[in-house]
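Visitor: Need coordinates for the following:
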Amino acid sequence: MTIATGLRSGANDPSATEDLRRPDGSPVRVLVVDDEPTLSELLSMALRYEGWDVRSAPDGLTAVRVARAEQPDAVVLDWMLPDIDGLEVLRRLRAEAPRLPVLFLTAKDAVEDRVAGLTAGGDDYVTKPFSIEEVVARLRGLMRRSGVSVAAESPLLVVGDLTMDEDSREVRRGGDSVALTATEFELLRYLMRNPRRVLSKAQILDRVWNYDFGGQANVVELYISYLRKKIDAGREPMIHTVRGAGYVLKPAVDAGA
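Guide: A predicted model of the protein is given here:
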């Protein structure tokens with residue numbers, strides 16, 4: 001595994017709360033190029049959590065083809081690929097999109113390798129092992145500097161009759177205030193940012209805790225039970241278990257759907 005620390009991107013970075021958007025208001029588009037399926041999926045999951053539209057490619061030639069079709073706003077590019085290397089991919093991408101922000105991922109950490117990547121036109125460089133939050137933070141920085149706009153984002157999350165103000169940290173169900181601990185709040189925020197989407201225990205552990213947590217998945221079951229007692233007690237349930245898959249939050253009116 002090539003990931004060093006947690007996925008809690010922006011925990012200490014105020015700029016991470018900015019909602020980056022394309023000029024037309026649609027989500028920014030990111031292309032992840034890496035031939036390690038697990039790493040590619042983890043990166044893609046983290047970037048999707050940021051609200052971005054993510055595409056992936058397992059090799060250089062596919063990356064060039066996807067970039068031409070999708071016109072991404074930024075690329076996370078592994079240096080070592082099974083067909084053509086990252087430098088050649090960068091050359092081909094820049095031939096068509098000279099200002100496309102590119103963040104290199106590589107196990108090469110020698111100074112000359114860093115210089116080669118940056119000289120070739122890479123905008124930034126992260127060596128393996130790395131933290132997911134570092135990749136997200138650097139990618140945000142690249143996109144901001146490239147002119148991707150920052151959209152005004154309401155701090156209010158709403159799912160059915162459940163509301164959460166991310167700024168004041170107030171939670172209400174049907175108008176009634178719900179008091180949550182810090183961990184319960186983060187868990188509920190993750191669920192509310194992904195309504196009607198089944199989230200696995202592994203995904204929840206990765207996002208609410210972090211990769212260094214080292215605990216068992218039953219901590220997720222424990223905190224889901226805490227939330228149910230506070231959110232669903234005496235009401236139509238919103239938090240549902242999908243056997244063998246995970247948990248999903250959806251409006252009570254959809255309970256029978």
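
Visitor: Look up the closest residue to the residue nearest to the spatial centre of the chain, ignoring the ones flanking it.
Guide: Among the residues of the chain, the one closest to the centroid is residue 46, at 2.3 Å (C-alpha atoms, centre = their mean). For residue 46, the nearest residue in space outside its immediate sequence neighbours is residue 132; the separation is 4.8 Å by C-beta to C-beta, 6 or more residues apart in numbering. For every residue, glycine as well, the C-beta is placed using N, CA and C.

Visitor: so where's the protein uncertain?
Guide: 1-19, 23-25, 108-122, 147-154, 210-217, 253-257 (pLDDT under 70).

Visitor: Helices along that one, start to end?
Guide: 37-49, 60-70, 86-96, 111-119, 132-146, 182-193, 201-208, 218-231 (DSSP state H).

Visitor: Make TSV out of the ones you listed and add distance to residue 103.
Guide: TSV is the format used below for the helices of the chain (distance: least, C-beta to C-beta, whole Å):
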stretch	distance to residue 103
helix 37-49	11
helix 60-70	13
helix 86-96	11
helix 111-119	10
helix 132-146	6
helix 182-193	24
helix 201-208	21
helix 218-231	31
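
Visitor: Report the contact partners of the closest residue in space to residue 99 that isn't next to it in sequence.
Guide: Sequence neighbours aside, residue 146 is the residue nearest to residue 99 in space, at 6.4 Å (criterion: C-beta to C-beta, 6+ apart). By C-beta atoms under 8 Å, 6 or more residues apart in numbering, the contact set of residue 146 is 73, 74, 99, 101.

Visitor: Among those, name the buried ones.
Guide: Among the contacts of residue 146, those buried by neighbour count (16 or more other C-beta atoms under 10 Å) are 73, 74, 101.

Visitor: Pick the one among the residues you listed closest to residue 175.
Guide: residue 73 (39.9 Å; C-beta to C-beta).

Visitor: correct me, but the closest one touches residue 30?
Guide: Yes. The pair residue 73 and residue 30 passes the contact test of C-beta atoms under 8 Å, sitting 6.7 Å apart.

Visitor: I'd say the residue nearest to the centre of the chain and residue 131 touch.
Guide: No. Counting by C-beta under 8 Å, residue 131 is not a contact partner of residue 46; they are 10.2 Å apart.

Visitor: Give me the common contacts of the two.
Guide: If you check residue 46 and residue 131 against C-beta under 8 Å, 6+ apart, no residue is contacted by both.

Visitor: And stretch 162-177, what's buried?
Guide: 162, 163, 164, 166, 171, 173.

Visitor: for stretch 131-147, same thing?
Guide: Neighbour count says stretch 131-147 has 131, 132, 133, 135, 136, 137, 138, 139, 140, 141, 142, 143 buried, by 16+ other C-beta under 10 Å.
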